[in-house]
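Trainee: pasted the sequence and its predicted model underneath.
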There are 2 protein chains.
Amino acid sequence: MKKADINFSEPLNCPVRNILDRIGDKWSLLILLVLEQEDVLRFNEIHQSIGDISQKMLSVSLKNLEADGLVNRKVYPQIPPKVEYKLTDLGKSLIPFVNALSDWSKQHMDTILRNRTAYKKKL
Amino acid sequence: MKKADINFSEPLNCPVRNILDRIGDKWSLLILLVLEQEDVLRFNEIHQSIGDISQKMLSVSLKNLEADGLVNRKVYPQIPPKVEYKLTDLGKSLIPFVNALSDWSKQHMDTILRNRTAYKKKL
DNA sequence: CGGGATCCCTCGAGATACTG
DNA sequence: CAGTATCTCGAGGGATCCCG
């Protein structure tokens, strides 16, 4: 080993694996970013902002984010029901890093797409 | 919309979705970090560094990373074969952001695990 | 309105065996 | 050594219906 001696082969003790298990799924990051843009949103508002997420997956993803303490869920006991979601401080603290990744993606996506096309032709 | 007017509902035009499609899988980020630590590695060296990845998934993941231009693959035409992998400049440029995420994970993993335990009890 | 419960199907990914 | 080829299984995730 040369540098930080991170043990990548220990799934439970590897920070990269932990973070990926949390936000590496299809929707969680997207939900966090939507909530960051709008501050407070109701279930259907998130649903519409993302567009192509199913009700089920939105529900499941929100529940996971809530369980981890990244999102706060506030229920108004009324009929019809009203539920509001917002980021917790912990959730907000993750946003800058996600945005940094997003910016990297924006900058290099063209290059990556060109690389991929060239790679296919090479085969 | 309040802030950057990102259109999250356009899968093809959403940087978050693009980056997740690239690195949101189970192994790609891990491979990038392993390569960053050791500079140049052969196939089986990566295999052993990660430990619990199958040959198949390592092969597939490396091929994708190569296609996107994040990893360079150098074949020595000899028997037995020898293949070396290293990060490209593009691959290297992604590392700091991944490390930032990894650090965030290290800092907050305890809190998240406690949140999750408390959430389960609440149910 | 905000979900929960159920059904169903695709595909990610592991195990194994084989090859230049 | 560095993969490829096949088979297989389980989970991720969509569609639909229902309920307080």
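Mentor: Now that the structure is in, tell me what you want to look at.

Trainee: name the nearest residue to residue A:74, ignoring sequence neighbours.
Mentor: Spatial nearest neighbour of residue A:74, chain neighbours left out: residue A:84 (4.6 Å); criterion: C-beta to C-beta, 6 or more residues apart in numbering or on different chains. C-beta: built from backbone N, CA, C; applies to glycine.

Trainee: so who does the one you found touch?
Mentor: A:40, A:41, A:42, A:73, A:74, A:76 (C-beta atoms under 8 Å, 6 or more residues apart in numbering or on different chains).

Trainee: in strands only, show me these.
Mentor: A:40, A:41, A:42, A:73, A:74, A:76 (DSSP state E).

Trainee: residue A:115 and residue B:32, how far apart?
Mentor: Computed as C-beta to C-beta, to the nearest Å, the residue A:115 to residue B:32 distance reads 15 Å.

Trainee: excluding covalently adjacent residues, which one is nearest to residue A:75?
Mentor: residue A:83 (5.2 Å).

Trainee: can I assume the one you found sits in a strand?
Mentor: Yes: applying DSSP: H, G, I helix; E, B strand; the rest coil, one finds residue A:83 inside a strand.

Trainee: residues near it, how many?
Mentor: By the criterion of other C-beta atoms under 10 Å in any protein chain shown, residue A:83 has 13 neighbours.

Trainee: correct me if wrong: it contacts residue A:40.
Mentor: No: Residue A:83 lies out of contact with residue A:40 (C-beta atoms under 8 Å); the separation is 10.8 Å.

Trainee: which parts of chain A are helices?
Mentor: Remark: helices assigned in chain A by DSSP state H are A:15-23, A:28-38, A:43-50, A:55-67, A:89-122.

Trainee: check whether the fourth one contacts DNA strand D.
Mentor: Yes: with C-beta under 7 Å from any atom of the strand as the criterion, DNA strand D is reached by helix A:55-67 at A:55, A:56, A:57.

Trainee: list of residues touching that helix?
Mentor: Here helix A:55-67 makes contact (C-beta under 8 Å, 6+ apart) with A:25-28, A:31-32, A:43, A:46-47, A:50, A:53, A:71-73, A:85, A:91, B:115-116, B:119-120.

Trainee: next, format the ones in strands among the contacts of residue A:84 as a markdown table and append pLDDT and neighbour count.
Mentor: Converted to a markdown table, the ones in strands among the contacts of residue A:84 look like this (pLDDT from 0 to 100; neighbours: other C-beta atoms under 10 Å in any protein chain shown):
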| residue | pLDDT | neighbour count |
| --- | --- | --- |
| A:40 | 97 | 12 |
| A:41 | 97 | 19 |
| A:42 | 97 | 15 |
| A:73 | 97 | 13 |
| A:74 | 97 | 11 |
| A:76 | 95 | 11 |
